[in-house]
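1. sequence first, predicted coordinates after that:
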Amino acid sequence: MSKSSFERELVLSVKSYCSIIYIHSYEEDRLENSLKEIIKKNLKYSLYTWDFIRGYIGNPTDAGFAKTNPLQALDIIDQLISDNSAVILLKDYYLFLKDLGIQRKLRNLVPLLRIQSKVIIITGSEVNIPLSLREIINVINFPLPGELEIQEELHQLFQFTDIKVSLELVLKLSRACQGLSIDRIRTAFSQIFIQYDVINEKTLEFILKEKKNIISQTQILEFYSNRETINDIGGLISLKQWLLRRSDAFSDKAKRYGLPSPKGLLLVGIQGTGKSLTSKVIANEWELPLVRLDIGKIFGGLVGESESRMRQTIQVAEAMAPCVLWIDEIDKAFSSIESKGDSGTTGRVLATLITWLSEKKTQVFVVATANNINLLPIEILRKGRLDEIFFLGLPSHQEREMIFQVHLSKKRPKSWNKYDIFLLSELTNNFSGAEIEQVIIEAMHLGFSQNRDFTNQDIIKSIESFVPLADTYKEEVNILQQWVTSGRIRNASQEAN
């Protein structure tokens, strides 16, 4: 969501008589300033602001009223003139919503608020709404600053410090800062000014480090730095071609051409077939930041916490756009959703994700991976949520040759061709790419333990003692191949001749 979209949604909510609005944000000062601008520009309402320590502030007649008394803070509505349209801003009030007296008071106030054109706005860094209040509270997310807002902030910072920065570098810096709050941006550049007293290309590295720290603090998202290229993938010709055709899809040239930005992919297949590697390669080849979502960490113990974490994830990903959001093993999180005894939490988190995938306008390319397609909710598999579903099956003989070449050329770049790749590929039927890498490593251990280089025979011995995962999961592999045959999902490998 952009700042302008937030403004439209807020104004619409107020004008459609949403009496209580919950705004989720970590930027209290920026949010309050934005609210003042929006109210002045679009609503012409009076604004009353309360926090727990100071009570009401900004209005002389109410100064200090309801200090340290959240229940009393709601009494001001009865004291205001009935025909005076007003917004009552309650900071951090989400902390008090579990109080039964406050819940009852809010429900009693709803009819009065509608009649008198008054709106309560609750702000907070978390979204924890009791079940009894969910029908009367409308939740809106306040977006992190977009590229234009960041550019304005940077211009002001550079003018204040009298540092000359080229327009090209400002554009690079503003893009690098996406995903950070205004306060974080100011702090980061203050540290840069103090340490280096100059702004240059190395500043981008400092910003990237700051962004990694911020993302790691979410404990849900992980920022990935990777160097994997498309040449590190052995086989998967059809998938590679699909990716290469879209390598410039996020560029300004593509936008001018009228191309919509790609939405994402679902990669399915048993473990070791290259799903995670492909996710990393996409980000590196397209020169986009890669953020990994641990979907299991979304689910928290408190009511409403899981949905809040999902919204936070979406907000950070959209603020970093263009980027790649890698959702690993999505099937484990949403498997058997109907049998979950979690009061509908899993369903609500899924609904939040599905809605976002369907309506997403930002340049966030989602790469979801799954080992078992049968465990996925049907909503994720429907066309329109993602661009394509690819099946990463066991490599063919030709693909196994390519995989052996990739790994051996990394281990022995000058002598890899001394190994009988054709024979080794013959012997590794039903082996995945990860398992082929593992037999090479095992052969290296054999050679190293005898103080010599590993040989073709060492690899063969390693193959003979290895039991591939596909032999254990034949049924799952057959089911996935049936999906490919039926045309419901696309084979990532080139069809055999």
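-> All right, it came through fine.
2. would you map out the domains in this protein?
-> 3-141, 147-217, 224-229+258-390, 397-429+433-467 (automatic domain parsing).
3. residues in contact with the helix or strand of the chain with the lowest mean pLDDT: which ones?
-> None of the helices or strands of the chain scores lower by mean pLDDT, DSSP states H and E than helix 469-472, at a mean of 75. When contacts are defined by C-beta atoms under 8 Å, 6 or more residues apart in numbering, helix 469-472 is touched by residues 270-272, 394, 430-432, 435, 477. C-beta: built from backbone N, CA, C; applies to glycine.
4. looking at the domains of the chain, which is nearest to residue 486?
-> Closest of the domains of the chain to residue 486 is domain 224-229+258-390, at 12.0 Å (criterion: C-beta to C-beta).
5. endpoint to endpoint, the closest one covers what distance?
-> 23 Å (C-alpha to C-alpha, to the nearest Å).
6. what residue ranges in the protein score low on pLDDT?
-> 1, 60, 300-304, 335-343, 494-497 (pLDDT under 70).
7. nearest the middle, which residue of it would you pick?
-> residue 317 (4.0 Å; C-alpha atoms, centre = their mean).
8. wait, is it part of a helix?
-> Yes. Per DSSP: H, G, I helix; E, B strand; the rest coil, residue 317 lies within a helix segment.
9. begin at 10, not 1, for the rest of this chat.
-> I'll keep to 10 as the first residue from here, and by that count the last item is residue 326.
10. list the contacts for it?
-> So residue 326 contacts 230, 300, 332, 334, 373 (C-beta under 8 Å, 6+ apart).
11. ChimeraX command for the buried members of those?
-> In ChimeraX, this line selects whichever of these come out buried by 16 or more other C-beta atoms under 10 Å:
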select :230,300,332,334,373
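12. okay but residue 56 is in contact with residue 94, surely?
-> No. Between residue 56 and residue 94 there is no contact under C-beta atoms under 8 Å: 10.5 Å.
13. skipping its backbone neighbours, what lies nearest residue 110 in space?
-> residue 80 (5.6 Å; C-beta to C-beta, 6 or more residues apart in numbering).
14. wait, what's in contact with that neighbour?
-> When contacts are counted by C-beta under 8 Å, 6+ apart, residue 80 touches 105, 108, 110-111, 114.
15. how close does it get to residue 147?
-> Distance, residue 80 to residue 147, using C-beta to C-beta, to the nearest Å: 22 Å.
16. next one: residue 452
-> 62 Å.
17. between these two, which one's more packed in?
-> residue 452 (23 against 18; other C-beta atoms under 10 Å).
18. quick one, what contacts that one?
-> So residue 452 contacts 463-464, 467-468, 470-471 (C-beta under 8 Å, 6+ apart).
19. from these, which would you call buried?
-> 463, 467-468, 471.
20. from those residues, pick the one nearest residue 254.
-> Distances from residue 254 to those, taken by C-beta to C-beta, are shortest for residue 468, at 35.8 Å.
21. what's the nearest residue to residue 304 if we skip its chain neighbours?
-> Nearest one to residue 304, counting by C-beta to C-beta, 6+ apart, is residue 342 at 4.1 Å.
22. in what helix or strand does the one you found lie?
-> According to DSSP states H and E, residue 342 maps onto helix 339-343.
23. buried stuff in that helix?
-> In helix 339-343, counting by 16+ other C-beta under 10 Å, buried: 339-340, 342-343.
24. go on, stretch 77-92?
-> Within stretch 77-92, judged by 16+ other C-beta under 10 Å, the buried ones are 79, 82-83, 85-86, 89.
25. again with stretch 100-116
-> In stretch 100-116, counting by 16+ other C-beta under 10 Å, buried: 100-103, 105-106, 111-112, 114-115.
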